[in-house]
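Visitor: Any chance you could fold what I've pasted below:
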Amino acid sequence: MYPNIILTNRLQPSAIVDDATCAACDFNQSKNKCKRKMNWVWRGDYNPATKSEYDRTKDQLSRETFEDGMSFHELSELEQAEKIAKRLKEYSKNAYKKTKVTEEVTREDTVCMRENGFYVDTVREFRDRRYDYKRWTKEWKKKVGQAKNAAEKKEAEDRVLVYDSLQVALKCILNSFYGYVMRKGARWRSMEMAGIVTKTGADLITQARILVEQIGRPLELDTDGIWCILPQSFPDVFNFETANGKKFKLEYPCTMLNADVDANFTNHQYQTLEDPEKRKYSNRSENSIFFEVDGPYRAMILPASTEEGKLLKKRYAVFNFDGSLAELKGFELKRRGELELIKTFQSQVFERFLDGNSLEECYDSVADIANHWIDILETQGDSLETDELVGLISENRNMSKQLEEYGGQKGTSQTTARRLGEFLGAEIIKDKGLNCKFIIAERPFGAPVTERAIPTAIWKAEPAVMKHYLRKWLKSPGLENEDFDIRNVLDWEYYMVRLGKTIQKIITIPAALQKVENPVPRIQHP
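Guide: This is a model prediction of the structure:
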């Protein structure tokens with residue numbers, strides 16, 4: 001959607017002009033209609049302290065002495081600013097009970113419709129090429145079903161894979177045209193252009209939501225689309241046959257939304273240079289923003305938040321009518337390094353939502369999966385081999401920086417890295433990209449989770465080494481024999497809470513909202 005917003009409104013960094021620029025322009029006449037006014041939202045965070053409080057704080061600091069006996073005025077400008085910011089933050093926390101105030105202001109800027117279109121032309125070329133690949137993908141998908149032999153089918157499937165991969169790659173590039181103007185230090189950085197793009201997109205989705213709410217129910221709003229459920233009786237697809245025999249398909253929900261977009265978001269000031277010598281421009285109405293129907297689908301699974309009044313964004317699972325998974329977004333199952341127990345549970349539970357002929361039967365089937373994994377934790381993995389258990393309850397993280405770059409920052413990955421360095425040597429943790437695989441121990445009792453991370457590699461060390469470091473890390477010098485078994489080290493309550501929260505979000509809270517009795521009684525509602 002963002003690339004088409006850029007193209008429709010001829011947005012480019014150099015086209016955001018001010019009054020001074022327009023005053024020096026030869027085309028600065030109202031009859032040319034080359035200045036398009038567009039709104040965007042500026043959002044800023046600032047300290048609630050007043051100017052007088054800032055001056056008083058700076059005066060107090062000027063009378064103090066800091067490290068190495070240096071006065072405030074002897075510090076560099078950066079160090080002075082850091083001292084002032086830190087002191088003001090402490091003051092605001094005590095005086096105002098908050099450290100920042102967020103303010104949103106709607107601003108208006110001018111977009112020049114006659115600026116050299118180098119940026120817009122580049123975006124258009126990438127977009128049109130992506131449309132070619134999408135069209136070829138659809139054409140070859142049809143040929144897969146029409147294939148007369150295995151060779152033709154294989155060729156069609158390969159073409160589908162190649163063209164679909166290329167259109168996805170171009171989609172990433174197209175989205176970067178928006179992301180680029182937001183990047184600090186970019187040659188053509190323009191906060192105004194980025195703000196106009198996002199506000200126009202938000203207004204467009206909001207308008208679509210208002211329309212959908214009149215006939216159905218919106219399920220999920222995204223930056224470039226809207227998931228909704230419509231009544232079965234609502235008009236869907238109309239098939240026409242033209243006079244020359246060609247068939248034409250009209251998707252009514254899509255047409256309805258596009259008519260609304262055309263009425264509210266068309267640029268009637270779009271200008272193109274026709275004659276460079278005479279500097280003559282043509283004016284036309286432009287709108288390349290279109291909704292496309294994706295679906296219909298059999299089911300969409302949405303989780304609930306464990307906090308009242310809060311919604312979970314961009315998390316859903318969508319299923320085709322044949323039971324296959326069409327799209328999965330936002331869940332731990334899609335993330336690297338997440339707890340394997342949660343990922344395995346999610347991989348099994350989503351398809352169970354398709355079972356049964358009623359809500360009760362559906363949730364009974366889903367509850368079977370939840371109860372299975374609760375049983376495994378309650379029995380401390382008696383039915384699993386040790387290696388299989390470790391694979392399920394361990395977390396795997398890669399450190400993006402060197403350990404020393406984190407400074408005093410606390411985290412399970414940092415704790416694991418430091419402990420790996422203790423018994424494997426400092427050489428292993430000197431480079432970035434260190435892989436940290438760990439479990440959460442029950443001891444030391446009362447310690448934060450970040451201090452109870454134990455690298456799983458310790459159980460592969462020599463017995464004497466393993467016992468020495470486990471006694472040290474767990475702060476339990478009296479550990480003996482079976483106490484070193486990973487099942488006796490693990491914090492089973494921690495893993496039950498982790499699993500329980502996932503079950504609440506996916507099963508128990510949605511069931512309660514649908515007036516279904518708790519299908520997993522061992523997991524209480526928050």
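Visitor: Leaving out sequence neighbours, find the closest residue to residue 436.
Guide: Computed as C-beta to C-beta, 6 or more residues apart in numbering, the closest residue to residue 436 that is not its neighbour in sequence is residue 416, at 4.1 Å. In this view, the C-beta of every residue, glycine as well, is placed from N, C-alpha and C.
Visitor: just residue 343 next, same as before
Guide: Excluding its sequence neighbours, the residue lying closest to residue 343 (C-beta to C-beta, 6+ apart) is residue 333, at 4.9 Å.
Visitor: Now do the same contact list for the one you found.
Guide: Residues near residue 333 by C-beta atoms under 8 Å, 6 or more residues apart in numbering: 342, 343, 346, 347.
Visitor: Let's verify it: helix, strand, or coil?
Guide: Following DSSP: H, G, I helix; E, B strand; the rest coil, the label given to residue 333 is helix.
Visitor: about what we covered before: the residue nearest to residue 436 against residue 455, yeah?
Guide: Yes. Using C-beta atoms under 8 Å, residue 416 makes contact with residue 455 at a distance of 4.9 Å.
Visitor: Identify the contacts common to those two.
Guide: Shared contacts of residue 416 and residue 455, defined by C-beta under 8 Å, 6+ apart, are found at 436, 437, 438.
Visitor: can you pick the most crowded of these?
Guide: When neighbours are counted by other C-beta atoms under 10 Å, residue 436 leads the shared contacts of residue 416 and residue 455 with 25 neighbours.
Visitor: packing partners for the strand or helix carrying residue 497?
Guide: Per DSSP states H and E, residue 497 falls inside helix 492-503. Helices and strands touching helix 492-503, by 3 or more C-beta pairs under 8 Å, 6 or more residues apart in numbering; DSSP states H and E, are helix 340-349, helix 359-378.
Visitor: Need those helices in JSON lines (columns: distance to residue 10, mean pLDDT and mean neighbour count).
Guide: Output for these, formatted as JSON lines (distance: least, C-beta to C-beta, whole Å; pLDDT from 0 to 100; neighbours: other C-beta atoms under 10 Å):
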{"stretch": "helix 340-349", "distance to residue 10": "44", "mean pLDDT": "87", "mean neighbour count": "19"}
{"stretch": "helix 359-378", "distance to residue 10": "50", "mean pLDDT": "90", "mean neighbour count": "18"}
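Visitor: residues in contact with stretch 281-299?
Guide: Applying C-beta under 8 Å, 6+ apart, the external contacts of stretch 281-299 come out as 1, 4-5, 7-8, 10, 32-34, 114, 204, 208, 225, 236, 251, 253-254, 257-258, 261-262, 265-274, 318-321, 323, 326, 353-354.
Visitor: mean confidence for the lengthiest helix in the chain?
Guide: Across the chain, the longest stretch assigned as helix under DSSP state H is helix 150-182. The average pLDDT within helix 150-182 is 91.
Visitor: before we move on, back to that, of the contacts of stretch 281-299, just the buried ones, PyMOL syntax please.
Guide: Listed next is the PyMOL selection for buried residues among those, using 16 or more other C-beta atoms under 10 Å:
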select buried, resi 1+4+5+7+8+10+32+34+114+204+208+251+253+254+257+258+261+265+266+267+269+270+271+318+319+326+353
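Visitor: Are we agreed that residue 273 is in a strand?
Guide: Yes. Under three-state DSSP, residue 273 falls within a strand.
Visitor: what about the closest residue in space to it that isn't next to it in sequence, distance to residue 111?
Guide: Distances taken as C-beta to C-beta, 6+ apart place residue 281 nearest to residue 273, at 5.7 Å, with adjacent residues excluded. Noted for residue 281: a distance of 15 Å to residue 111, by C-beta to C-beta, to the nearest Å.
Visitor: Looking at these two, which is more packed in?
Guide: residue 111 (22 against 16).
Visitor: which residue sits closest to that one in space, ignoring its chain neighbours?
Guide: residue 36 (4.5 Å).
Visitor: What is the burial count for that neighbour?
Guide: 20.
Visitor: give me the low-pLDDT residue ranges for the stretch 251-400 of the chain?
Guide: By pLDDT under 70, the low-scoring segments of the stretch 251-400 of the chain are 336-337.
Visitor: before we move on, the earlier item: what about the residue nearest to residue 111, which SS state?
Guide: strand.
Visitor: Okay, domains of the chain per the record?
Guide: Domain assignment for the chain by automatic domain parsing gives 2-16+112-286, 299-380+494-513, 387-489.
Visitor: The residue lying closest to residue 363 once chain neighbours are set aside: how many residues sit nearby?
Guide: Spatial nearest neighbour of residue 363, excluding adjacent residues (C-beta to C-beta, 6+ apart): residue 519 at 4.1 Å. By other C-beta under 10 Å, the residues close to residue 519 number 22.
Visitor: before we move on, what SS does residue 519 have?
Guide: Applying three-state DSSP: residue 519 is coil.
Visitor: Tell me the pLDDT of it.
Guide: 90.
Visitor: does it really touch residue 369, like I thought?
Guide: No. In this structure residue 519 lies outside contact range of residue 369 using C-beta under 8 Å: 10.6 Å.
Visitor: circling back to that earlier point, could you give the mean pLDDT of the helix holding residue 497?
Guide: Helix 492-503 shows an average pLDDT of 90 in the prediction.
Visitor: hmm, back to that, export the shared contacts of residue 416 and residue 455 to a markdown table and tack on distance to residue 148, secondary structure and pLDDT?
Guide: Below are the shared contacts of residue 416 and residue 455 laid out as a markdown table (distance: C-beta to C-beta, whole Å; DSSP: H, G, I helix; E, B strand; the rest coil; pLDDT from 0 to 100):
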| residue | distance to residue 148 | secondary structure | pLDDT |
| --- | --- | --- | --- |
| 436 | 54 | strand | 82 |
| 437 | 51 | strand | 83 |
| 438 | 55 | strand | 86 |
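Visitor: Any chance of those residues in a markdown table with distance to residue 143 as columns?
Guide: Formatted as a markdown table, these follow (distance: C-beta to C-beta, whole Å):
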| residue | distance to residue 143 |
| --- | --- |
| 436 | 48 |
| 437 | 46 |
| 438 | 50 |
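Visitor: Which pLDDT does the model give the closest residue to residue 307 other than its chain neighbours?
Guide: Distance criterion C-beta to C-beta, 6+ apart; nearest residue to residue 307, sequence neighbours excluded, is residue 526 at 7.8 Å. The model reports residue 526 with a pLDDT of 80.
Visitor: Kindly report the same for residue 428.
Guide: On the pLDDT scale, residue 428 gets 69.
Visitor: Likewise for residue 405?
Guide: So residue 405 comes in at 69 (pLDDT).
Visitor: ok, now residue 24?
Guide: Taking residue 24 on its own, its pLDDT is 91.
Visitor: residue ranges for the strands of the stretch 351-500 of the chain, please.
Guide: With DSSP state E, counting those that start in this stretch as the criterion, the stretch 351-500 of the chain has strands at 395-398, 435-440, 453-455.
Visitor: Of those, which stretch is the most buried?
Guide: Greatest average neighbour count among the strands of the stretch 351-500 of the chain goes to strand 453-455 (a mean of 25), per mean count of other C-beta atoms under 10 Å.
Visitor: Given that one, what are its sheet partners and their directions?
Guide: strand 435-440 (antiparallel) (DSSP bridges).
Visitor: mind checking which of the helices and strands packed on helix 492-503 is nearest residue 72?
Guide: Each of these has some distance to residue 72 by C-beta to C-beta; the shortest is helix 340-349, at 50.7 Å.
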